[in-house]
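J.: Next input, structure requested:
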Amino acid sequence: QVQLVESGGGLVQPGGSLRLSCAASGLSFNLYGMAWYRQTPGKERELVADITVIGIIDYLDSVKGRFTISRDNAKNSVSLQMNNLKPEDTAVYLCRATHWRDGVNYWGQGTQVTVSS
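T.: Residues are numbered from 1 along each chain as shown. This is a model prediction of the structure:
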């Protein structure tokens, strides 16, 4: 059974930092591209950052220079370091795994990030 479990969310002031982690189990982690999405009520889910099986990385324009995605295949985990957080970054952040060949997706339950003074 595949499980993706996010952690690291919370309440932070504008300009602060958080580090999100996603622990994967039940899959061959090195065969999956990993991504972080975010969702707010009434809006579509938004791709924030993704990293392919060979380490190619892409970011949403509004987070470039502030967020960093990384993966640790030995620990079956992907992280998102978020610096200089802004109120508009407030959302539920979700982890997604996508098999490199057949495109099967798995999702975590999400972790809440709230940026507020």
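J.: Please enumerate the strands of the chain.
T.: Assigned strands in the chain, in chain order: 3-7, 10-12, 18-25, 32-39, 46-51, 57-59, 67-72, 77-82, 91-99, 105-107, 111-115 (criterion: DSSP state E).
J.: Export those strands as CSV, with columns for mean pLDDT.
T.: Conversion of the strands of the chain to CSV gives the following (pLDDT from 0 to 100):
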stretch, mean pLDDT
strand 3-7, 98
strand 10-12, 98
strand 18-25, 98
strand 32-39, 98
strand 46-51, 98
strand 57-59, 98
strand 67-72, 98
strand 77-82, 98
strand 91-99, 98
strand 105-107, 98
strand 111-115, 98
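J.: With mean neighbour count as extra columns, can I get these in TSV?
T.: Heads up, the C-betas are built off the backbone N, CA and C, glycines and all. Output for these, formatted as TSV (neighbours: other C-beta atoms under 10 Å):
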stretch	mean neighbour count
strand 3-7	17
strand 10-12	14
strand 18-25	19
strand 32-39	22
strand 46-51	18
strand 57-59	14
strand 67-72	17
strand 77-82	23
strand 91-99	21
strand 105-107	14
strand 111-115	18
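J.: Now the nearest residue to residue 15 once chain neighbours are set aside, what are its backbone angles?
T.: Residue nearest to residue 15 in three dimensions, not counting chain neighbours: residue 84, with 5.9 Å by C-beta to C-beta, 6 or more residues apart in numbering. When quoted as degrees, to the nearest 10, the phi and psi of residue 84 stand at phi 50, psi 50.
J.: gap between the residue lying closest to residue 76 once chain neighbours are set aside and residue 67?
T.: The shortest distance from residue 76 to any non-neighbouring residue, by C-beta to C-beta, 6+ apart, is to residue 29 (4.2 Å). Counting by C-beta to C-beta, to the nearest Å, the separation of residue 29 from residue 67 is 21 Å.
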